[in-house]
Every structure is written in C-alpha cells, then in structure tokens.
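# What follows is a predicted structure for the sequence shown.
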Amino acid sequence: MIAVLTTFFSTQIIVLAATDYDAAEVAKIMKETDVFNLKSKSSILMDAFTGNIILEQNSRERRPMASITKIMSMILVMEAIEKGELALDDMVPVSEYAYGFGGSQVYLKPGEEFTVHEMLKAVAIHSANDATVALAEKIAGSEEVFVSMMNEKAKELGMNDTHFEDCSGLETENHYSTAYDIAIMSRTVVNKYPKILEYTKIWHDTFRNGEFSLDNTNKLVRHYQGTIGLKTGYISAAGYCLSAVVKRDNLTLISVVLGAPDSNTRFAESRKLLDYGFANYETFTLDEKYTEVGVIEVRKGLKTSVRALIAEDVNVLLKKGTKQEIERHSSMEPFLVAPVQAGQKVGVIIYKLGEQEIARVDVVAEEGIEKASFIKLFIRMIKEWFGIGKSKDS
C-alpha cells in the first residue's frame, strides 16, 4: 500500500509540475513582451564570464527571493566539500526540525539518513526545503548558525543588498535580495562552484531508491537550449522568480527575474532576455595570461632585461561585429632599477572601443632580478667599453 501511494503521489507531482510551463502560453507571452519593459518587478541579464550587465530593470531593488535562497545554501555545501569538511558520500541525518518544514519537500522522516549527494539532488532539482535544512544542520549544527554563514558569504561576494533569515526561502520578513545580487551569486556558482550545475541541469531523477520522482522546477532545462541551471522560487510575497544559467558555445549568460505575475511569464521573460543576449553579444579573450608584450631594460641588476607579460586573461563581452574595432593602448616603464620582483607591475594595456574603455590589464615582470654587486657592475661596464661579451645576462 505504501509503495502504491508513493508511486501515486510521485505521479501527482509530475502532473502538477507540468502545469508550471505551458509552451503555447510561453510563446504567446514572448511574442507580446518588450524585452526593455518586462512585467517582472526586477530583472537583469549578465555575462557570466566578464560580469558585464547587458540589460537590467530595477535590478538593485530589494525583494523577497523565495527558493532562489537555496543557491547560497548549495554554495556553502560545495565550499565545505572543497575544504574537506564534507564529502558527497557522507550521511546526512534527518532531525525533527528538518522533518517539520513545509512547502516543497521530499518528505524526509526523523531518523532517516541520506548521502550529501542525494540531499543535493533533492535541493537542486526538486527545491526540497527539508533536505536543505538537513544539509544546513549537517554543516553548521543548526540552521541559525548556517544562516549566519550565508550572510557572511553574501558580504564576501559583494552582495550588499542581500540578507538571509533562513536557508530555504520560506521566510519573508527581513529576507531579501536583488536581481543584481542574485546574478553575482549565480556567477559565483558558474565560475567557482560549477559542480552545482551538474545537479541543476538534471531534468529528472529519483529519491529514496526510486520511490520519489524528482522533476526539475526550472522548466528551461527541458525547454530552452543550453540551460544548465539554476534555481526557481515562489512564495506569494515574492511572486515567481528564476535565476537561469544558459551556455551556448563560448557564451554563458545569467538571467534573473523576480516578481513575475505567473510561472509562464517567469519563463517567457527569462527566455526573452536570453534570446536578446545570444542574438546580440559574444565573448572574446583578447589576450591570454603570460603573453609576452615586450622586453624592458633593467639597470644595476644581475640581468640587464626582463620579459614583460600580461598578468591575466583579458576577457570581454562585445556586441557582435565590433571586435575588429578594438584598439590597444599600452603604457610601459622605460626601464627598471634592480631589484625587480617577479610579478612586479611594469605597465598597463588599455583596450578601447572608440572612446570607451572596455578593459585594462596589468603588465608584469616575468622573473625576479637581484641587484648586482659593485664588482659585477664594474666588470660589465669595462666589457661594454671594449664591446666584448655583450649579453643580457652579463
């Protein structure tokens, strides 16, 4: 009887989830939508690679974010794994407190245990509140301490208009974020914790040895090419929310919509933003890290010159067809005086599109060069007088 009920209940969940996305209605909304004037209360479209903002609407307005909260919860889980404090095969016990959570859940029972991996699936795919709380308790001992960690991480990431009161997003009072902050948080997932995306891109899975169906609440995973994440959210105070991550070729975009009037509008306006980004923009690496851009004279050193290298990759987001218009403007030290430190800044390159600066990067010394002794310098001077033994290492 229990197995039959469980199977029946799982089937009901699939039916209910399917009503969250009506393809015909989404297409109709998209056709009627002006990407520059969305119905959602706030929104943003950001390039995940550079962090550049393509479009935004009320993106700094504080709003409840519902289950989008769980992105930060998953970040802290992955951070604990990276630190060696947690492993995917560790068992997570279910407390009475976790069992008592309502909303979206996988109906955990007190005393049950599941692996971190299984709990993450429940959170990332099904948005399970009970699994989120169980993971929070596993990491921090209590949800209260875990939420403090969430707020500390938000500050570290520069999410200056975000405050968490719980780990799942059910709370509404003093629990808020902005489309901009959520994009920052989502970008952190893409660039630092991409393992999370391995979970959020799963369309369908099961829990409790196949007894419970997990169907992704983010319907774009199935209905929009390249979607690999990230998280939906809904409570009445927040409206319908979504942070979506979509990758096509070398371009990864993040769209966030908060406060959409219904689920179909949430997905339609997300798609509208993403369509605009993919149709009009592309990313390039203009110069790669450690590319040599010159050689600089070094005076009074054991060596007489040092190679000048680009300090980091120069990644830019550009409107399609404008790459050829980019100009490089470099400013380099005419010479250096030893001692020179490896990685010492020796210049800068500025990249411009017309009069607009679109990127800049430091140029650094490839290696350290110690100051030469008086005797070494004297011998070098004599050799130079007689034009013998000339070498950059002389």
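All right, it came through fine.
# which residues touch the helix or strand containing Ile296?
Assessed by DSSP states H and E, Ile296 sits inside strand 292-299. Residues from elsewhere that reach strand 292-299, judged by CB atoms under 8 Å, 6 or more residues apart in numbering: 304-310, 330, 332-338, 340, 346-347, 349, 363, 365-366, 369. (Each C-beta comes from the backbone N, C-alpha and C, glycine too.)
# at 6 Å instead, please
Contact with strand 292-299 is made by 304-309, 335-338, 340, 346, 363, 369, as judged by CB atoms under 6 Å, 6 or more residues apart in numbering.
# Stretch 127-142 now?
So stretch 127-142 is contacted by 67, 70, 73, 77, 80, 92, 94-95, 98, 101, 103-106, 108, 119, 122-123, 143, 146, 167-168, 217 (CB under 6 Å, 6+ apart).
# Which of those fall within strands?
Using DSSP state E, the subset of the contacts of stretch 127-142 located in strands is Val92.
# quick one on the thing from earlier: quick check, nearest of the contacts of strand 292-299 to Lys31?
The closest of these to Lys31 turns out to be Val363 (CB to CB; 49.7 Å).
# these two touch, right, that closest one and Gly347?
Yes: contact criterion CB atoms under 6 Å: Val363 and Gly347 qualify, at 3.8 Å.
# Now for Val94: which residues touch it?
108, 110, 112, 134.
# Just the buried subset of the residues you listed, please.
Buried members of the contacts of Val94, counted by 16 or more other CB atoms under 10 Å: 108, 134.
# Looking at the contacts of Val94, spot the one nearest His175.
His175 has its nearest neighbour among the contacts of Val94 in Ala134, at 19.8 Å by CB to CB.
# what about burial for the contacts of stretch 127-142, which qualify?
67, 70, 73, 77, 80, 92, 94-95, 98, 101, 104-106, 108, 119, 122-123, 143, 146, 167-168, 217.
# so of those residues, which ones are in helices?
Among these, DSSP state H puts 70, 73, 77, 80, 98, 119, 122-123, 143, 146 in helices.
# Low-confidence regions, this structure specifically.
Residue ranges of the chain with pLDDT under 70: 1-19, 377-378, 380, 384, 386-394.
# what do you get if the cut-off is 50, keeping everything else the same?
For the chain, the stretches flagged by pLDDT under 50 are 1-19, 391-394.
# Taking the centroid of it, which residue is nearest it?
With distances taken as CA atoms, centre = their mean, Arg187 lies nearest the centre of the chain, 1.8 Å away.
# Assign that one to helix, strand or coil.
Using DSSP: H, G, I helix; E, B strand; the rest coil, the structure places Arg187 in helix.
# element containing the nearest residue to Ile54 once chain neighbours are set aside, please.
Nearest residue to Ile54, sequence neighbours excluded (CB to CB, 6 or more residues apart in numbering): Leu45, at 4.4 Å. Counting by DSSP H and E, the element that carries Leu45 is strand 42-47.
# Packing partners of the helix or strand following that strand?
Going down the chain from strand 42-47, the next helix or strand is strand 53-57, by DSSP H and E. When contacts are defined as 3 or more CB pairs under 6 Å, 6 or more residues apart in numbering; DSSP states H and E, strand 53-57 sits against strand 42-47.
# How many residues are close by Val293?
17 (other CB atoms under 10 Å).
# oh, I was asking about Ala183
For Ala183, using other CB under 10 Å, the count is 25.
# shouldn't it be in contact with Met46?
Yes: contact status for Ala183 versus Met46: in contact at 4.4 Å, counting by CB under 6 Å.
# Now list whatever residues contact both of these two.
Ile254.
# does Gly277 count as helix, strand or coil?
With three-state DSSP as the criterion, Gly277 reads helix.
# Partner strands of the strand holding Leu45 and their direction?
strand 53-57 (antiparallel), strand 251-260 (antiparallel) (DSSP bridges).
# Please identify the most buried of those.
Of all those, strand 251-260 has the most neighbours on average by mean count of other CB atoms under 10 Å, namely a mean of 26.
# Residues contacting that one, please?
So strand 251-260 is contacted by 40-46, 48, 63, 179, 182-183, 186, 239-246, 266, 269-270, 273-274, 277, 282-283 (CB under 6 Å, 6+ apart).
# Check stretch 223-242 too.
64-68, 70-71, 169, 172, 186, 197, 200-201, 217-218, 220-221, 243, 245-248, 257-260, 263, 266, 270-271.
# ok, Phe284 - contacts?
Phe284 sits in contact with 316, 323, where contact means CB under 6 Å, 6+ apart.
# Check the one 4 residues further on too.
By CB under 6 Å, 6+ apart, the residues touching Glu288 are Asp313.
# how far does stretch 348-364 stretch from start to finish?
9 Å (CA to CA, to the nearest Å).
# Just confirm Met30 is within a strand.
No: checked against three-state DSSP, Met30 lies outside a strand; its state is helix.
# in terms of contact, does it touch Ala268 like I think?
Yes: using CB under 6 Å, Met30 is in contact with Ala268, at 4.8 Å.
# of those two, who's got more company?
Ala268 (27 against 18).
# if we can go back for a sec, how near is the residue nearest to the centre of the chain to Ser177?
Distance, Arg187 to Ser177, using CB to CB, to the nearest Å: 14 Å.
# swap in Ser373?
60 Å.
# Look at the two and report which has more neighbours.
Counted by other CB under 10 Å, Ser373 and Ser177 do not tie: Ser177 has more neighbours, with 29 against 11.
# who's that one bridged to?
Under DSSP bridges, the beta-bridge partners of Ser177 are Arg63.
# before we move on, the earlier item: give me the contacts around the strand holding Leu45.
With CB under 6 Å, 6+ apart, strand 42-47 has contacts from 53-59, 61, 179-180, 183, 254-258, 273, 277, 317.
# repeat for stretch 69-81
With CB under 6 Å, 6+ apart, stretch 69-81 has contacts from 86, 123, 132, 135, 139, 149-150, 167, 169, 185, 193, 195-196, 231.
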